[in-house]
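Enquirer: Fold the stuff below for me.
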Amino acid sequence: MGELRLLRARPSVLVRLAAWSALEAGQTFLLGYALARAVDGGFLAHDPVHGLRWLAAAALAVVLGAYGTGRVHRVVADLVEPVRDALVRQVVDRALRDGDDAAVSRLTHQVEIARDTFAGLVLVSRTFAFTAAGALAGLFSLAPVLLLVVTPPLLAGLALFALTLRPMARRQEAFLVADEAIATELGALTSGLRDITAAGAEGRVTADARVRFADEYRAARALARWGTLRVLAVGIGGRLPVVLLLVTAPWLLTHGVSAGALVGALAYLSQSLLPALQSLMQGLGTSGARLAVVLRRLTAEGERQPDAVSPAAGAEQAVRLRGVTFAYGPGAAPVVDGLDLDVPYGGHLVVAGPSGIGKSTLAALIAGVLRPDRGEIALGGERVLVPQEAYVFTATVRENLGYLCPEPPTAAALLASCTAVGALGLVERLGGLDAKLDPGALSAGERQLLALARAHVAPAPLVLLDEATCHLDPAAEALAERAFAARPGGTLIVVAHRIGSARRAGCVLLMDGTHTQCGTHEGLLARSSFYRELTGSELTGSEASHPALPLGDPYGVDPVAGPRLAGDGRHVIAHRAAGQMETARDVGDRGSLGRE
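Expert: A predicted model of the protein is given here:
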């Protein structure tokens, strides 16, 4: 079982755990044995001092046992926390690799379940093993015949409990599957509330959500029904021996069992074995089954779902999309609808279009962050997505830059990537590669530079820049994009927010909400009025829409805006098919919704 492998992985911790637990076994043994000797050799023999001495010895054993229990909890922490860290790393790696929709549920719920239940399982298993050993040894030392009364019902209760473990594990897994389905459903709903309202799909979405909650409710009821058998198993294994001991007391007294031994045996059963057995069945019956299921779901490789991003081994294209469709929630209009796209190895593609048209959604689909509703996405290698809001964490500059590399890159490689994307000056101002970063002290542009350097040094051949340079000036943006385009064998996809990105690319994918066009910047200017309006250009000549660049500009960046649209020319309001663009003006004086 997975939990046993986790225990075997830290033998030194297990040795310390067993050493401190021995005190608890000694306390259990001395509890019943001291009571028996206090009764027989002390109080019944009219020697109360002798009896009090044995009771004092039992009290001292309780103190020593409590000290050992405290040390045990520290050792368990040393055993559990590294396991939790390993599970978190596996979940994050799986989410980044496969675009796991249930990653939030796994991180916020299932990893904590695994951590808490693993700790509880170790504690209750240890407690039962050492308590049972101490109690049975004590019964044997008082009178071996006591084992004939106590052992059969104890074993019967444990056997009944063992029969319920597998069914409870299956029902626990069904419950967790239902919980993951709810997390996925609610994630889609919260991200698509606007589309749901616009499409009038509230009733359908509510009905689908109710189905998910009903599935979880049924799974919880089935789990509870099997849990009732645990109560019966506790009764047979823990309470029945007490009844049998009282019923057979006359017979036991005639077969060499003293009154003190009976008192000691009752103490072993009521104060040691019964509580330990209840804790064991509670831990294994609920927490143990839950732990086994959660560990299997957390550590197993995610099953490849249909229509997912998959590697295209031996493919002729770095990226290939076939019939890809995606919408935010059931009933919502597709953001990407039946898209076919090929990006060759070493290609440089820019995705252009108005804000909110689906450019970032397309980048997320290619990166595997989102899964398409229909269609197939095939990649020719690993990919790196650099989003608009760059992620920088509290650590050294070196650790931040090398985060995406399977092996720590050399300092020369890190500095070369920083130089290529224009981040070297920033790294030097921060104090070098070994300087400690404070993310809150960095500007948005500085975080973007570090994220660009991190992606550049990473071995992934496909890089997706989703407005990853929006906080940089045009010259810095051009430098970074040229650095990624120049990577040997690298493929670059850029979600553009400046027209300069389109001019530097070999191919431009134009998204207008109804269909897509693909071509060079000049070709789209020639045949697409929508693209001309989007770029603020008028095609009146081969150079009319391209203002001359100042002498000495090494990046090919326009320092001034091109010719504007009618009106203020700063806003493009698209709500019809390509070419049906309204003159931009103040939207506040419009009437019906359809004319916004």
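
Enquirer: Tell me where the stretch 301-450 of the chain is predicted with low confidence.
Expert: Confidence mapping of the stretch 301-450 of the chain against pLDDT under 70 gives the ranges 301-316.

Enquirer: Break down it into its strands, ranges please.
Expert: In the stretch 301-450 of the chain, the segments counted as strands under DSSP state E, counting those that start in this stretch are 309-311, 317-326, 336-344, 348-352, 374-379, 383-386.

Enquirer: Contacts only, for the nearest residue to G347 once chain neighbours are set aside.
Expert: Distances taken as C-beta to C-beta, 6 or more residues apart in numbering place T491 nearest to G347, at 5.4 Å, with adjacent residues excluded. No exception for glycine: its C-beta is placed from N, CA and C like everyone else's. Counting by C-beta atoms under 8 Å, 6 or more residues apart in numbering, T491 makes contact with 318-319, 343-348, 380, 461-463.

Enquirer: burial of S141, as a residue count?
Expert: 15 (other C-beta atoms under 10 Å).

Enquirer: just checking, it touches Y33?
Expert: Yes - here S141 reaches Y33: they are 6.2 Å apart, a contact under C-beta atoms under 8 Å.

Enquirer: Relative to L465, how far out is the residue nearest to G347?
Expert: Distance of T491 to L465, given as C-beta to C-beta, to the nearest Å: 12 Å.

Enquirer: re earlier: out of the contacts of T491, which is nearest to R194?
Expert: Here the nearest of the contacts of T491 to R194, counting by C-beta to C-beta, is V319; it sits at 28.8 Å.

Enquirer: check contacts around that closest one.
Expert: Counted by C-beta under 8 Å, 6+ apart, V319 has contacts 341-343, 366, 377-380, 462, 491, 493.

Enquirer: Ok, D208 next?
Expert: Contacts of D208 by C-beta under 8 Å, 6+ apart are 185, 330.

Enquirer: Which residue comes closest to V13 once chain neighbours are left out?
Expert: Excluding its sequence neighbours, the residue lying closest to V13 (C-beta to C-beta, 6+ apart) is L79, at 4.8 Å.

Enquirer: for L404, that is, sorry about that
Expert: A458 (3.9 Å).

Enquirer: mind checking the backbone torsions on that neighbour?
Expert: phi -70, psi 150 (degrees, to the nearest 10).

Enquirer: per-residue pLDDT, it?
Expert: As predicted, A458 sits at a pLDDT of 91.

Enquirer: And the helix or strand that F118 is a member of, what does it pack against?
Expert: If you go by DSSP states H and E, F118 is part of helix 111-142. For helix 111-142, the packing partners by 3 or more C-beta pairs under 8 Å, 6 or more residues apart in numbering; DSSP states H and E come out as helix 2-8, helix 11-38, helix 48-98, helix 146-191, helix 259-267, helix 274-282, helix 289-299.

Enquirer: Can you list the buried residues in it?
Expert: Buried residues in helix 111-142, counted by 16 or more other C-beta atoms under 10 Å: 111, 113-115, 117-139, 142.

Enquirer: And for stretch 39-59?
Expert: 39-43, 51, 53-55, 58.

Enquirer: For A423, state which of those residues is nearest.
Expert: A58 (69.6 Å).

Enquirer: gap between the closest residue to T361 other than its chain neighbours and R322?
Expert: Of all residues not flanking T361 in the chain, V335 sits nearest, at 4.8 Å (C-beta to C-beta, 6+ apart). V335 is 17 Å from R322, where distance means C-beta to C-beta.

Enquirer: who has more neighbours, those two?
Expert: Each of V335 and R322 has its neighbours counted (other C-beta under 10 Å); V335 has more, 22 against 16.

Enquirer: Would you enumerate the residues in contact with the more buried one?
Expert: Listed by C-beta under 8 Å, 6+ apart, the contact set of V335 reads 326-328, 358, 361.

Enquirer: Show me which of the residues you listed are buried.
Expert: 326-328, 358, 361.

Enquirer: For V76, give me its contacts.
Expert: Listed by C-beta under 8 Å, 6+ apart, the contact set of V76 reads 17, 119, 122-123.

Enquirer: Kindly apply the preceding question to R53 instead.
Expert: Here R53 is in contact with 38, 42 (criterion: C-beta under 8 Å, 6+ apart).

Enquirer: repeat that with 10 Å
Expert: By C-beta atoms under 10 Å, 6 or more residues apart in numbering, the contact set of R53 is 34, 37-38, 41-42, 47.

Enquirer: Same question for T151.
Expert: 136, 139, 241.

Enquirer: ok, it to V145 distance?
Expert: 11 Å.

Enquirer: so what sits against both of these two?
Expert: Joint contacts of T151 and V145 (C-beta under 10 Å, 6+ apart) are L139.

Enquirer: G356: how many residues sit nearby?
Expert: 11.

Enquirer: isn't it right next to G513, touching?
Expert: Yes - using C-beta atoms under 10 Å, G356 makes contact with G513 at a distance of 8.8 Å.

Enquirer: For the closest residue to R320 other than its chain neighbours, give the beta-bridge partners.
Expert: Once flanking residues are discounted, R320 sits nearest to A378: 4.6 Å by C-beta to C-beta, 6+ apart. For A378, the beta-bridge partners are S310, R320 (DSSP bridges).

Enquirer: quick thing: my sequence starts at 12, can you match it?
Expert: Will do, 12 is the new start, and the previous item becomes A389.

Enquirer: Touching, A389 and L332? I think so.
Expert: Yes - using C-beta under 10 Å, A389 makes contact with L332 at a distance of 8.0 Å.

Enquirer: Looking at the two, which is more packed in?
Expert: Between A389 and L332, counted using other C-beta under 10 Å, L332 has the larger neighbour count: 22 against 16.

Enquirer: Would you quantify the distance from that one to A374?
Expert: For L332, the distance to A374 (C-beta to C-beta) stands at 12 Å.

Enquirer: One more: P417?
Expert: In terms of C-beta to C-beta, P417 sits 23 Å off from A374.

Enquirer: between those two, who's got more neighbours?
Expert: Taking neighbours as other C-beta under 10 Å, P417 and A374 compare with A374 leading, 24 against 9.

Enquirer: Look up how far I388 lies from that one.
Expert: Taken as C-beta to C-beta, the span from A374 to I388 is 12 Å.

Enquirer: Check V133 too.
Expert: Separation of V133 from I388 (C-beta to C-beta): 43 Å.

Enquirer: swap in A170?
Expert: A170 is 52 Å from I388, by C-beta to C-beta.

Enquirer: avg pLDDT for stretch 175-182?
Expert: 76.

Enquirer: Do you know the pLDDT at the residue of the chain positioned farthest from its centre?
Expert: In terms of distance from the mean C-alpha position of the chain, H57 ranks first, at 67.1 Å (C-alpha atoms, centre = their mean). The per-residue pLDDT reported for H57 equals 87.

Enquirer: what secondary structure does it sit in?
Expert: coil (DSSP: H, G, I helix; E, B strand; the rest coil).

Enquirer: Tell me how far it lies from L415.
Expert: 81 Å.

Enquirer: And E387, by the same measure?
Expert: 26 Å.

Enquirer: Over to P355?
Expert: 24 Å.

Enquirer: need the helices for the stretch 312-461 of the chain, in chain order.
Expert: Listed in chain order, the helices of the stretch 312-461 of the chain (DSSP state H, counting those that start in this stretch) span 370-378, 408-412, 422-432, 435-441, 455-468.
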